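Engineer: any chance you can model this:
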Amino acid sequence: MTVPPDESRIIGNPNKILNQRFIPLKIVLIYLLVAVLWLLCSGRIIAALAPEWATLLNAHIVQDGLRVALTCTALYGLTSYYLTALQRAYHAVETSARRYYALIEHMNEGVALFDVIFDADMRPVDVRVLDVNPTFADIVGIPREQLFGTSGRRSLLRDNILHLPLYARVAQTGESTMYETHLATVQRDLLVSVFSPAYGQCAIVATDISARRRQEERERDFLHRTIEEATEGKLIICAREEIMAMAGPAIAVWQIAACQDFAHIRNAVGDKARADGMSEERIFDFLLCISEAITNACTHANGGTLSLHQGPQALLAIVADQGPGIPAMHLPQLALRRGFTTGGTLGMGYKTMIAVADTVFLDTGPHGTTVGIDMGLQPPEPPPVIAVPTDKW
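Structural biologist: Numbering: from 1, shown residues only. Model prediction:
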């Protein structure tokens with residue numbers, strides 16, 4: 001069976017091994033030629049030097065001839081046996097290699113093998129692409145033929161798929177790892193597994209998770225809009241960067257390590273709100289919301305930071321921590337279900353903030369939680385009342 005050119009890089013040239021079936025016969029013929037020459041020449045030489053040994057020599061020639069025949073037969077049998085075993089072993093390796101090759105070639109995941117190149121100080125400077133499967137070439141948007149043997153810096157550095165320090169660590173230690181990345185040039189999100197098949201090499205398996213990521217974003221957006229509508233716009237879930245950009249520069253920042261730390265801060269916040277013309281009732285509500293947010297930060301993240309920002313006719317307090325965050329599946333219960341909690345408390349913190357603050361901004365996740373509490377200096381105007389036509393039936 002002819003081996004495809006690409007596949008021969010993996011399993012070698014089978015004809016070079018399989019066509020050696022005549023080796024045993026060649027060995028026997030060479031041995032037989034040498035033995036016959038020895039028998040013929042040695043007899044004549046000895047007869048010329050010692051004629052009295054001629055009769056005895058003829059008997060030895062017959063014995064040696066029989067010995068040569070038996071030796072040739074045994075040599076041919078043993079050589080054929082070991083060559084057959086070698087051919088069977090090669091066929092097993094070839095079959096395994098073909099299965100492996102077919103598996104890699106038809107995987108939905110992109111697979112690539114690299115040699116990591118180090119400088120004299122063992123710092124990673126580049127990778128050489130040893131092999132890729134068609135899916136990998138499709139993912140990065142580069143023809144497969146253009147990747148073989150090329151520098152990774154020239155062919156792959158344009159995207160975030162190449163992480164030299166990470167690849168070098170895996171190639172040297174053998175410890176596998178995973179990471180997620182976004183390829184801006186082809187607008188794809190990837191989950192990349194990295195492992196080392198041999199020292200100095202690393203292999204990656206890249207899974208395209210773009211569809212899953214888009215679905216997650218749609219579900220997250222739907223959840224956020226549902227919560228915003230259910231709370232009549234009083235709880236808005238957004239990114240921390242959006243909250244900080246909206247807040248602007250802070251007029252004061254405090255570090256919070258325990259709930260008791262807010263005791264000496266509340267006077268400063270109250271004085272600022274009072275100086276800006278906020279009523280005592282709204283000041284009480286504002287401080288209550290801040291206290292609830294700080295309690296959450298101390299309970300779930302062992303503290304955080306409180307910053308105060310001046311807005312147009314409003315004050316914005318931001319409490320940020322680096323705790324584990326709130327799972328997305330718990331956000332509806334946390335905002336809407338009375339008594340729901342994730343920390344063994346009374347579960348009224350967020351409900352209280354939503355009830356008395358003008359607007360609560362929330363960003364939460366594994367990176368931590370950021371809560372923005374917006375309180376206007378004056379009460380917001382009540383929503384317009386929509387007149388319902390009288391039933392005249």
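Engineer: so how many other residues sit close to Ala247?
Structural biologist: Number of residues near Ala247 (other CB atoms under 10 Å) recorded here: 19. No exception for glycine: its C-beta is placed from N, CA and C like everyone else's.
Engineer: what sits closest to it if chain neighbours are left out?
Structural biologist: Leaving aside its chain neighbours, Ala247 sits nearest to His309 (4.1 Å; criterion: CB to CB, 6 or more residues apart in numbering).
Engineer: next one: the one you found from Asp374, what distance?
Structural biologist: 9 Å (CB to CB, to the nearest Å).
Engineer: shared neighbours of those two, anything?
Structural biologist: Residues touching both His309 and Asp374 (CB atoms under 8 Å, 6 or more residues apart in numbering): Leu315, Leu316.
Engineer: domain ranges for this structure?
Structural biologist: 5-105, 110-208, 214-376 (automatic domain parsing).
Engineer: including distance to Pro382 and mean pLDDT, could those go into JSON lines?
Structural biologist: Listed next are those as JSON lines, based on distance: least, CB to CB, whole Å; pLDDT from 0 to 100:
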{"stretch": "domain 5-105", "distance to Pro382": "66", "mean pLDDT": "66"}
{"stretch": "domain 110-208", "distance to Pro382": "45", "mean pLDDT": "86"}
{"stretch": "domain 214-376", "distance to Pro382": "12", "mean pLDDT": "86"}
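Engineer: helix or strand next in line after the helix or strand where Glu229 lies, which one?
Structural biologist: Assessed by DSSP states H and E, Glu229 sits inside helix 210-230. As assigned by DSSP H and E, the chain's next helix or strand after helix 210-230 is strand 235-237.
Engineer: before we move on, back to that, which of the residues in the helix holding Glu229 are buried?
Structural biologist: Arg213, His224, Ile227, Glu228 (16 or more other CB atoms under 10 Å).
Engineer: name the helices or strands packed onto it?
Structural biologist: Secondary-structure packing of helix 210-230 (3 or more CB pairs under 8 Å, 6 or more residues apart in numbering; DSSP states H and E): strand 188-195, strand 235-237, helix 331-336.
Engineer: try it again at 10 Å.
Structural biologist: Judged by 3 or more CB pairs under 10 Å, 6 or more residues apart in numbering; DSSP states H and E, helix 210-230 is in contact with strand 177-183, strand 188-195, strand 235-237, helix 331-336.
Engineer: parallel or antiparallel, which strands does the following helix or strand past the second one pair with?
Structural biologist: Scanning forward in sequence from strand 188-195 by DSSP H and E, the next helix or strand is strand 201-208. When pairs are called by DSSP bridges, strand 201-208 turns out to pair with strand 110-118 (antiparallel), strand 188-195 (antiparallel).
Engineer: the first one: how far from the chain's middle?
Structural biologist: It stands for strand 110-118. Between the centre of strand 110-118 and the centre of its host chain there is 15 Å, according to CA atoms, centre = their mean, to the nearest Å.
Engineer: need the helices for the stretch 251-393 of the chain, in chain order.
Structural biologist: 262-275, 280-301, 331-336, 349-356 (DSSP state H, counting those that start in this stretch).
Engineer: please name the bridge partners of Leu191.
Structural biologist: With beta bridges defined as DSSP bridges, Leu191 has these partners: Glu180, Thr207.
Engineer: just checking, it touches Thr207?
Structural biologist: Yes - judged on CB atoms under 10 Å, Leu191 makes contact with Thr207 at a distance of 4.6 Å.
Engineer: any shared contact partners between these two?
Structural biologist: With contacts taken as CB atoms under 10 Å, 6 or more residues apart in numbering, Leu191 and Thr207 have Glu109, Met178, Glu180 as neighbours in common.
Engineer: ok, of those, which come out buried?
Structural biologist: So, by 16+ other CB under 10 Å, the buried ones in the shared contacts of Leu191 and Thr207 are Glu109.
Engineer: Tyr167: which of the shared contacts of Leu191 and Thr207 is nearest?
Structural biologist: Of all these, Tyr167 sits closest to Met178, with 13.0 Å by CB to CB.
Engineer: quick check: the closest one vs Arg169, distance?
Structural biologist: 13 Å.
Engineer: what is in contact with the two at once?
Structural biologist: Common neighbours of Met178 and Arg169 (CB under 10 Å, 6+ apart) are Val194.
Engineer: hang on, the earlier thing: now the strands paired with strand 201-208 in a markdown table, with mean neighbour count and distance to Ile265?
Structural biologist: A markdown table is the format used below for these (neighbours: other CB atoms under 10 Å; distance: least, CB to CB, whole Å):
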| stretch | mean neighbour count | distance to Ile265 |
| --- | --- | --- |
| strand 110-118 | 20 | 52 |
| strand 188-195 | 19 | 42 |
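Engineer: and these as CSV, adding distance to Val140?
Structural biologist: Output for the strands paired with strand 201-208, formatted as CSV (distance: least, CB to CB, whole Å):
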stretch, distance to Val140
strand 110-118, 8
strand 188-195, 9
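Engineer: which among those strands is found nearest to Gln201?
Structural biologist: strand 110-118 (5.7 Å).
Engineer: which helices and strands does the next helix or strand along the chain from the closest one pack with?
Structural biologist: Toward the C-terminus, strand 110-118 is succeeded by strand 124-132 as the next helix or strand (DSSP H and E). Of the remaining helices and strands, those touching strand 124-132 by 3+ CB pairs under 10 Å, 6+ apart are helix 5-11, strand 110-118, helix 134-140, helix 152-155, helix 164-173, strand 201-208.
Engineer: again, only this time at 8 Å
Structural biologist: strand 110-118, helix 152-155, helix 164-173.
Engineer: and those: which comes nearest Gln378?
Structural biologist: It is, among the helices and strands packed on strand 124-132 and with distance given as CB to CB, helix 164-173, at 54.0 Å.
Engineer: got the buried residues for the closest one?
Structural biologist: Neighbour-count burial for helix 164-173 flags Leu164, Leu166, Tyr167, Ala168, Arg169, Val170, Ala171, Gln172 (criterion: 16+ other CB under 10 Å).
Engineer: who does the residue nearest to Ala247 form a beta bridge with?
Structural biologist: His309 has these beta-bridge partners by DSSP bridges: Ala250, Leu316.
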